[in-house]
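S.K.: Here is a sequence together with a model predicted from it:
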Amino acid sequence: MKLIVWLWNPWLQYEKTRHNAWFLFLDWFKNELNILNDWKNETKFKGEILETFIAWEKIILLKPQTFMNLSWESVLKIMSFYKIEKKDIIVIFDDVSLDFWKIRFRESWSAWGQNWVKSIIQNIWEEFRRIKIWIGQDRRFDLADWVLSKFSEEELKKLNEEIFIEVKSLLVKNL
């Protein structure tokens, strides 16, 4: 059994912002894999989960419903309940430090300066697999304003036609 976790802000005002690029990916991923199940709000896990199978492997997709820096609580609860091993978890998150569209997969690495990744490292473990997508930064904007801004039509097209396909490939390859 594998667990894939998206770090994001679950509130509606962040739904389609750069900081929540993964929210857009989740809908795309679900449609791309023809997953018929729907998300279930599981308060005992502090998150929404969707269970499916990919290549005969049971996969649990998790959207923590906490502040990002508390995502580890949701991850730990679901790990304990399903007895998921640390090596079977992939955490996905965004970053502004490089140009839009770059993607990186690591078996383990530092927190890359991300407080929510640091919180997982500090509260659970360091050796987890992670996928990071860069959402770029327009230096004309304050960082908070930039990450909470919406993608342009051109960027959305690039997400759907290139980036999401690459991320899906990375996920399936590394399950």
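M.R.: Yep, it's here.
S.K.: mind checking how far F141 is from L171?
M.R.: 30 Å (C-beta to C-beta, to the nearest Å). C-beta here means a position set from N, CA and C on the backbone, and glycine is covered the same way.
S.K.: okay, those two: which has more neighbours?
M.R.: L171 (21 against 12; other C-beta atoms under 10 Å).
S.K.: Beyond the lowest-mean-pLDDT helix or strand in the chain, next helix or strand please.
M.R.: Across the helices and strands of the chain, mean pLDDT, DSSP states H and E gives its lowest value to helix 115-123, namely a mean of 64. Once the chain leaves helix 115-123, the next helix or strand it forms, by DSSP states H and E, is strand 129-134.
S.K.: Can you name every helix or strand that that following strand contacts?
M.R.: strand 89-95, strand 103-106, helix 164-173 (3 or more C-beta pairs under 8 Å, 6 or more residues apart in numbering; DSSP states H and E).
S.K.: which stretches of the protein have low pLDDT?
M.R.: Residue ranges of the chain with pLDDT under 70: 98, 108-127.
S.K.: for I54, what are its contacts?
M.R.: I54 makes contact with L33, V172, L175, according to C-beta atoms under 8 Å, 6 or more residues apart in numbering.
S.K.: how many neighbours does the residue lying closest to K58 once chain neighbours are set aside have?
M.R.: With sequence-adjacent residues excluded and distances taken as C-beta to C-beta, 6 or more residues apart in numbering, K58 is closest to M1, at 4.6 Å. Counted with other C-beta under 10 Å, residues neighbouring M1 total 12.
S.K.: same thing with the one 5 residues further on?
M.R.: The local packing of W6 (other C-beta under 10 Å) involves 25 other residues.
S.K.: How about it: what's its closest non-neighbour residue?
M.R.: Counting by C-beta to C-beta, 6+ apart, the residue nearest W6 is W22, at 4.1 Å.
S.K.: What backbone torsions are found at that neighbour?
M.R.: The phi/psi pair for W22 (degrees, to the nearest 10) reads phi -70, psi -30.
S.K.: so it touches V5, yeah?
M.R.: No - assessed by C-beta atoms under 8 Å, W22 is found out of contact with V5, at 9.6 Å.
S.K.: Pull up the overlap in contacts between the two.
M.R.: The contact lists of W22 and V5 share I92, where a contact means C-beta under 8 Å, 6+ apart.
S.K.: Which of the two has more residues huddled nearby?
M.R.: V5 (26 against 20).
S.K.: could you dump whichever strand or helix holds the more buried one to PDB, C-alpha only?
M.R.: Using DSSP H and E, the element containing V5 is strand 2-6. Provided in PDB are the C-alpha atoms of strand 2-6 (Å, rounded to 0.1, in the frame of the first residue of the first chain):
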ATOM      1  CA  LYS A   2       1.300   3.500  -0.900                       C
ATOM      2  CA  LEU A   3       0.400   6.900   0.300                       C
ATOM      3  CA  ILE A   4       0.600  10.000  -1.900                       C
ATOM      4  CA  VAL A   5       0.300  13.300   0.000                       C
ATOM      5  CA  TRP A   6      -0.300  16.700  -1.500                       C
END
